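Enquirer: Sharing a model prediction with you, sequence too.
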Amino acid sequence: MATITFDTLRFANKLKSAGVLPEHAEAEAEALAEIFELNLKEVATKEDIKHLEERIDSQFIQLEQRMTIKLGALMVIAVGAVAALVKLL
């Protein structure tokens, strides 16, 4: 999980210096800190992204292998069909 520090005291003091009532400033700072805490649980980390990239790379490798096998099979069928046509004609 990502870690971000949010200085509620500094934020509340900035609000107070801007003319917000102290009670409102403190309540807003606490509410914002809670929002950050809840929403950061859903943020992807570098490890999450690296794991996803590895999965995608693995899937592409598997896809490439399957496509190579299918292309090889199609070539064998095409060569067999051409050989059969040459033999008939």
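Expert: On my side now, so go ahead. Keep in mind that what you see is a predicted model, and the values were worked out from it rather than measured. Numbering: from 1, shown residues only.

Enquirer: Give the next helix or strand downstream of the helix or strand harbouring Phe11.
Expert: Using DSSP states H and E, Phe11 maps to helix 8-17. Going down the chain from helix 8-17, the next helix or strand is helix 22-39, by DSSP H and E.

Enquirer: Outside of the helix holding Phe11 itself, list whatever touches it.
Expert: Identification of contacts with helix 8-17 by C-beta atoms under 8 Å, 6 or more residues apart in numbering yields Pro22, His24, Ala25, Glu26, Glu28, Ala29, Glu30, Leu32, Ala33. For every residue, glycine as well, the C-beta is placed using N, CA and C.

Enquirer: again with stretch 22-35
Expert: Residues outside stretch 22-35 that contact it (C-beta under 8 Å, 6+ apart): Phe6, Thr8, Leu9, Phe11, Ala12, Asn13, Leu15, Lys16, Val20.

Enquirer: and of the residues you listed, the nearest to Glu53?
Expert: Proximity of the contacts of stretch 22-35 to Glu53 (C-beta to C-beta) peaks at Phe6, which lies at 29.7 Å.
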